[in-house]
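Asks: Show me the folded form of this:
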Amino acid sequence: MDQARVERDAHSVHREIWLRKENIWPMGLPPLEAMLSPHIAARVLDLEYDIRQELGGDGSRQWGAKAGGFFDRGRGIIAISASCSYEVQRYTGAHEIGHAVMHPWIGDKVVHRDLPIGAASFATRTPHEREADYFAACFLMPRKLVEKEFALRFGTKKPLPRDETVAFHLRVADTRGFFSASADSLVFASLLAHAQSFDRRRFSSLACHFGVSVKAMAIRLRELGLIDE
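Replies: Got it, this is the predicted structure:
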């Protein structure tokens with residue numbers, strides 16, 4: 001996967017939102033993070049964006065899970081299942097926006113259905129599904145904004161080490177598990193994504209701030225090199 005290209009594609013949607021910001025929010029601009037919404041992205045791409053109780057059809061049940069959303073390019077519709085959590089709805093929506101921007105063949109002849117994030121392992125996903133996942137991460141959690149919010153919470157722009165000082169400030173109860181866990185387990189990254197205090201500072205967690213799941217935020221922190229394991 002060409003991550004730089006996918007990130008550029010996500011930023012191109014950011015730019016479109018920014019250029020139209022006065023029309024979208026005529027009464028005043030919200031915080032930047034609030035602008036990073038898949039339904040706003042759909043608006044600037046002239047797509048209909050619906051949250052639906054039922055997605056219709058067979059539900060595309062795979063791996064024991066129903067579809068979390070679908071993209072119908074011909075009708076210009078992105079629909080997201082209301083049965084998913086708020087965070088999963090946002091990620092699935094951004095994922096479908098990624099297909100709309102990057103994959104012109106998807107949703108053209110046949111409605112494209114996607115499982116909600118976490119329903120299937122990343123390893124089993126096709127290359128274009130992985131690209132859409134990475135697009136969603138770049139769109140909802142832009143590099144510069146994440147780095148800024150990370151520094152505000154943890155006092156550094158450098159990768160945070162998994163050491164005794166950091167464990168103390170995170171109030172880690174199971175220090176043995178904290179230090180023995182592999183990087184792939186996302187234990188350290190998840191603690192940072194979920195943390196609401198550090199070194200006597202209290203704040204909203206990064207996951208809450210960006211409106212994503214703890215797992216999605218943890219993966220993004222690792223992608224951006226903000227943890228040193």
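
Asks: For residue 29, which non-adjacent residue is closest in space?
Replies: Excluding the flanking residues, the one nearest residue 29 by C-beta to C-beta, 6 or more residues apart in numbering is residue 21, at 5.9 Å. Every C-beta, even on glycine, is put in place using the N, C-alpha and C of the backbone.

Asks: neighbours of that neighbour, just the number please.
Replies: Residue 21 has 15 neighbouring residues, counting by other C-beta atoms under 10 Å.

Asks: Double-check it against residue 32; I have them as touching.
Replies: No - checked against C-beta atoms under 8 Å, the pair residue 21 and residue 32 is beyond contact range at 10.1 Å.

Asks: In contact with the nearest residue to residue 102 once chain neighbours are set aside, which residues?
Replies: Closest residue in space to residue 102, ignoring its immediate chain neighbours: residue 9 at 5.5 Å, by C-beta to C-beta, 6+ apart. Residues in contact with residue 9 (C-beta atoms under 8 Å, 6 or more residues apart in numbering) are 98, 101-102, 135.

Asks: so of these, which ones are in helices?
Replies: Counting by DSSP state H, the contacts of residue 9 place 98, 101-102, 135 in helices.

Asks: Now render the residues you listed as TSV, adding pLDDT and distance to residue 92.
Replies: Below are the ones in helices among the contacts of residue 9 laid out as TSV (pLDDT from 0 to 100; distance: C-beta to C-beta, whole Å):
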residue	pLDDT	distance to residue 92
98	93	11
101	93	15
102	92	16
135	96	12
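
Asks: Highest neighbour count among these?
Replies: residue 98 (29 neighbours).

Asks: ok, that residue touching residue 132?
Replies: Yes - Residue 98 sits in contact with residue 132 when judged by C-beta under 8 Å, with a separation of 3.8 Å.

Asks: Break this protein down into its domains, please.
Replies: If you go by automatic domain parsing, the domain ranges for the chain are 3-140, 143-228.

Asks: Stretch 160-174: which residues count as buried?
Replies: The neighbour-count check on stretch 160-174 (16 or more other C-beta atoms under 10 Å) flags 160, 162, 166-167, 169-170, 172 as buried.
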